[in-house]
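In: pasted the sequence and its predicted model underneath.
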Amino acid sequence: QVQLVESGGGLVQTGGSLRLSCAASGRTFSSYAMGWFRQAPGKDREFVAAISGSGGSIFYADYADSVKGRFTISRDKAKNMVYLQMNSLKPEDTAVYYCAANRALVRLAKSYDYWGQGTQVTVSS
């Protein structure tokens, strides 16, 4: 069983930065791909970024076009943590951000088996 807890959300001005963290528990965490998704009011949950499971020391990452070049996903095997560094934030990045775990690196939200409770990110203009 994998449990996920997000933190690091908050209020930031346009152009600012935030770093989201996701703490994972469960002895099989290292084999899971991890994803970040977001959901704005009245909109569907959308893919933000994902990183592959640790088959070795090389991780593969995938990003939505809307965040490519601004957001960076990373993971720390020793700490069972996944991070989302968000730079050059825009008002349209405002949403609840969710961490999720899955056995494969995919973009489809319904494919993910485990979800955190979410953390609010608000970008003011």
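Out: Yes, it's here. Numbering: from 1, shown residues only.
In: point out where this protein drops to low pLDDT.
Out: Residue ranges of the chain with pLDDT under 70: 27-28, 54-56.
In: for the residue nearest the centre of it, give the beta-bridge partners.
Out: Centroid-nearest residue in the chain, with Cα atoms, centre = their mean: residue 36, separated by 2.4 Å. On the basis of DSSP bridges, residue 36 is bridged to residue 49, residue 99.
In: how close does it sit to residue 125?
Out: The gap separating residue 36 from residue 125 is 23 Å, by Cβ to Cβ, to the nearest Å. Where C-beta positions appear, they are placed from N, C-alpha and C, glycine not excepted.
In: do residue 93 as well
Out: The value you get for residue 93 to residue 125, if Cβ to Cβ is used, is 11 Å.
In: quick one: end-to-end length of stretch 108-125, please.
Out: Start-to-end span of stretch 108-125 (Cα to Cα, to the nearest Å) is 30 Å.
In: with stretch 13-31 instead?
Out: Terminal residues of stretch 13-31 are spaced 36 Å apart (Cα to Cα).
In: which residues sit against it?
Out: Stretch 13-31 is touched from outside by 1-10, 12, 32, 34, 36, 53-54, 77, 80-91, 97, 99, 101, 103, 116, 119, 121, 123-125, with contacts defined as Cβ atoms under 8 Å, 6 or more residues apart in numbering.
In: are any of those buried, and which?
Out: 2, 4, 6, 8-9, 12, 32, 34, 36, 53, 80, 82-84, 86, 89, 97, 99, 101, 116, 119, 121, 123 (16 or more other Cβ atoms under 10 Å).
In: quick one: classify residue 110 as helix, strand or coil.
Out: helix (DSSP: H, G, I helix; E, B strand; the rest coil).
In: burial of it, as a residue count?
Out: Around residue 110 there are 6 other residues, counting by other Cβ atoms under 10 Å.
In: just residue 96 next, same as before
Out: 18.
In: for residue 48, see how far away it is.
Out: Distance from residue 96 to residue 48, by Cβ to Cβ: 11 Å.
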